[in-house]
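**Student:** With the sequence up front, the predicted model follows.
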Amino acid sequence: EAMGDLRTAEKEYLDLLKEFPKYVDCILRLACICKKKGDINGAETWARKAAETSSNSADALALLAGIYLERRDLSSAKKCLEELQSALPTGASNVETYGRVALGNIHLYSIPGELHHSGNYEKAAVHLTNAMGLFKRALERDPGNLFAANGIGCVLAEAGRLTDAKEVFLRAQEASAATDGFITISDASVNLANVQLGLKQSKAAEATFKQAMKKHPSLQLDPRLLLYLARAQYESNHGEEAIKTVAKALHLAPADHRLRFNAAYLLQQGGAKVLHQTEFAGGEEGKVEAYRGAVLAFENSHRIFMGLQKIGQSSTGIATKKLDHHVGFAAEMHKSALIKLSAAEKEAAAASLKRNEQALRRKAAAKTKELEKQRRDAESKAEELRRQEIAKKTEEHLKHLKDAWKRGTALEKAVAEGDISGIQKPSAQPQDDTLDAYFANISEDDDEYVPGQEKMDAAPPEPGLDDDDDEMDPLKAAGLLSSSDEDEEERGGDLQQNESGKRPRVEDQVDTANHADHEQEAGNPPSSSSPTKKSRKLIDSDS
């Protein structure tokens, strides 16, 4: 039984009872097992059997009184406690303390609920005074009795002294925790949470209820405690959680009319809160969903109130006037919710249409932007291709210039060395047969000079022209004579012969040209024997 295996324990107790039918402790354990399983009727049966088996069993009477108290059968509980007080042996202080605490609880349960009614306030004051006296006498006999301390806290709470009651419940909790679980009093935690609710500390109350349920799992199946938790959640603005908690409580006790009334009340208050709300999560769509939930909440609350109204006050214990008020209020709020829902749906449709139009405009703008980007990219690509083409042509042009510079450098080197035979002609220039023939004639003229040979080989010159004209004709035919050379020719610039009377060869002309250049660079005027520009032109054209 201590390990929680109630089925095996019950079987062993029954087997033991077969051997010892008058074993009172065994009967009492069976009554406690039925009570733990929630079988109150079975627990009452075994407790009665224990009381009948041993007329002087104080434990049996105390257990039976506790069962009556849970069933709110106060008259039967009081009768058992009176029998318990008369049956107590001398010195049985523990049982006496239990009896006084139980009698104090009976006085608490006997307090009228409607204090504003005539005479109820006086009755409540009498019961509270008697309960406080019983709890104090129990503490005098047993100063560590946590149940008596819890009872005093309840009396203070009922009297409206909530701050003092909270202090008592906190001390009872601390004392229970100091026993390392040997003494557990779940009522102290529950009462503390209820006092916190009375002090408008709803969030603290919600946390205390949940902590008590976690520490005492059996409380999670208590519909009454679930209702208290739902109230704390509702006052903490956790309406949806409160409705779920009440639904769980109704699942555990579907015939509890007060639970049904409270569930309908939470639905009604939740719907009314939505109608007074000005801001909604999710914009217009969220507003529509919230109003739809409010309409459904008013429909369900109206249906529950109507059902309780038909059952009647005699069965539900709820005043008919109160039910009539809630039925009318739920119907009126349902109409208001429908009107607001219709308006919200129209606003949501208009907002949706506006969003669609804006989306289309944004899409068109994005498309235009994309086309503009593509156009700019195309232009940029074309510009890049044009730049690459220009760069390519520039590179080719520079290459040609570089090649020309290399040829010029090679030519100057060859001229300086006096050998231009290794100089290649530009590949782009066409072959000139006239120039080749001229160079061939020069080669033939390199033979030994004979005086008067020109007159024998060539026709007599025309008047006013010398031999230079004959030598320039092939250059003019080849297009190698520049206008400056022609001017020099007109000014009478004749080619000079050497001292031997022979025509100088090309190599001699090149050496003479180099000598003239060196003299000019040194600041000396060119000698009369330096070649004219047409001789250099001849060499350049060959390169």
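**Tutor:** The structure has been received and is ready for your questions. Numbers count the residues shown, from 1 in each chain.
**Student:** use CA for all of it now, contacts and neighbours both
**Tutor:** Fine.
**Student:** Just the helices from the stretch 301-450 of the chain, written as ranges.
**Tutor:** For the stretch 301-450 of the chain, the helices defined by DSSP state H, counting those that start in this stretch occupy 313-316, 320-417, 433-444.
**Student:** Could you export the ones you listed as TSV, including mean pLDDT?
**Tutor:** Formatted as TSV, the helices of the stretch 301-450 of the chain follow (pLDDT from 0 to 100):
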stretch	mean pLDDT
helix 313-316	83
helix 320-417	91
helix 433-444	45
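**Student:** average pLDDT for the helix or strand harbouring residue 140?
**Tutor:** Per DSSP states H and E: residue 140 is located in helix 120-141. Averaging pLDDT along helix 120-141 gives 85.
**Student:** other SSEs contacting that helix?
**Tutor:** When contacts are defined as 3 or more Cα pairs under 8 Å, 6 or more residues apart in numbering; DSSP states H and E, helix 120-141 sits against helix 93-109, helix 146-158.
**Student:** Report pLDDT for the closest residue to residue 241 other than its chain neighbours.
**Tutor:** Leaving out its chain neighbours, the residue that sits closest to residue 241 by Cα to Cα, 6 or more residues apart in numbering is residue 233, at 6.6 Å. Residue 233 carries a pLDDT value of 89.
**Student:** thinking again about what came up before, could I get the helices and strands packed on helix 120-141 as a markdown table with distance to residue 70?
**Tutor:** Shown next, in a markdown table, are the helices and strands packed on helix 120-141 (distance: least, Cα to Cα, whole Å):
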| stretch | distance to residue 70 |
| --- | --- |
| helix 93-109 | 10 |
| helix 146-158 | 15 |
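**Student:** ok, of those, where does mean pLDDT dip lowest?
**Tutor:** Across the helices and strands packed on helix 120-141, helix 93-109 has the smallest mean pLDDT, namely a mean of 77.
**Student:** ok, now which ones touch residue 158?
**Tutor:** residue 128 (Cα atoms under 8 Å, 6 or more residues apart in numbering).
**Student:** quick one: low-confidence ranges for the stretch 401-543 of the chain?
**Tutor:** Where the stretch 401-543 of the chain drops to pLDDT under 70, the residues are 420-543.
**Student:** can you give me the offset of stretch 201-215 from its chain's centre?
**Tutor:** 31 Å (Cα atoms, centre = their mean, to the nearest Å).
**Student:** Same check on stretch 214-224?
**Tutor:** 36 Å.
**Student:** Please apply the same query to stretch 156-163.
**Tutor:** Centroid separation for stretch 156-163 versus its chain: 48 Å, with Cα atoms, centre = their mean.
**Student:** tell me which residues of it are tucked away?
**Tutor:** Across stretch 156-163, burial judged by 16 or more other Cα atoms under 10 Å covers 156, 157, 158, 162.
**Student:** Can you tell me the closest non-neighbouring residue to the second one?
**Tutor:** Going back to what we said before, that points to residue 157. residue 165 (5.4 Å).
**Student:** burial count for the one you found?
**Tutor:** By other Cα atoms under 10 Å, 24 other residues sit near residue 165.
**Student:** Let me know the secondary structure of it.
**Tutor:** helix (DSSP: H, G, I helix; E, B strand; the rest coil).
**Student:** Check the gap between it and residue 263 for me.
**Tutor:** In this view, residue 165 and residue 263 are 29 Å apart by Cα to Cα, to the nearest Å.
**Student:** Out of the helices and strands packed on helix 120-141, which one sits most buried?
**Tutor:** Most buried of those by mean neighbour count (mean count of other Cα atoms under 10 Å) is helix 146-158; its value is a mean of 24.
**Student:** quick check: angle from it to helix 120-141?
**Tutor:** 150 degrees (axes from the mean of the first three to the mean of the last three Cα atoms, to 10 degrees).
**Student:** got the angle for helix 146-158 vs helix 93-109?
**Tutor:** Going by the same axes, to 10 degrees, helix 146-158 makes 20 degrees with helix 93-109.
**Student:** List the contacts of stretch 240-258.
**Tutor:** Stretch 240-258 has contacts (Cα under 8 Å, 6+ apart) with 221-224, 226-227, 229-234, 259-260, 262-263, 266-267, 308, 316, 318.
**Student:** What's the PyMOL line that selects buried ones from the residues you listed?
**Tutor:** Applying 16+ other Cα under 10 Å to the contacts of stretch 240-258, the buried members can be selected in PyMOL as follows:
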select buried, resi 223+224+226+227+229+230+231+232+233+234+259+260+262+263+266+267+308+316+318
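**Student:** Next step: the contacts of stretch 240-258 restricted to helices.
**Tutor:** The helices, defined by DSSP state H, take in 223-224, 226-227, 229-234, 259-260, 262-263, 266-267, 308, 316 from the contacts of stretch 240-258.
**Student:** before we move on, back to that, biggest separation within the buried residues of stretch 156-163, which pair?
**Tutor:** Comparing every pair within the buried residues of stretch 156-163 by Cα to Cα identifies 158 and 162 as the most remote, at 8.2 Å.
**Student:** Spit out the residues that contact these two alike.
**Tutor:** With contacts defined as Cα under 8 Å, 6+ apart, no residue is shared by residue 158 and residue 162.
**Student:** Just the buried positions in stretch 205-222, please.
**Tutor:** 205, 206, 208, 209, 210, 212, 213, 219, 220.
**Student:** neighbouring contacts of that stretch?
**Tutor:** Contacts with stretch 205-222, where a contact means Cα under 8 Å, 6+ apart, come from 186, 189-190, 192-194, 196-197, 225-226, 229, 232-233, 249, 252.
**Student:** Just the buried ones among the residues you listed, please.
**Tutor:** 186, 189-190, 192-194, 196-197, 225-226, 229, 232-233, 249.
**Student:** Looking at those, which gets the smallest pLDDT?
**Tutor:** Ranking the buried ones among the contacts of stretch 205-222 by pLDDT puts residue 186 at the bottom, with 70.
**Student:** Next, the contact list for it, please.
**Tutor:** 212, 216.
**Student:** same question, residue 150
**Tutor:** With contacts defined as Cα under 8 Å, 6+ apart, the neighbours of residue 150 are 168, 169, 172, 187, 188.
**Student:** picking that back up, among the contacts of stretch 205-222, which one sits closest to residue 353?
**Tutor:** residue 233 (39.0 Å).
**Student:** residues contacting that closest one?
**Tutor:** Residue 233 is in contact with 202, 203, 206, 239, 241, 242, counting by Cα under 8 Å, 6+ apart.
**Student:** which other residues reach the helix holding residue 140?
**Tutor:** 93, 97-98, 100-101, 103-105, 107-108, 110-112, 114-115, 145, 148-149, 151-152, 155, 158-159.
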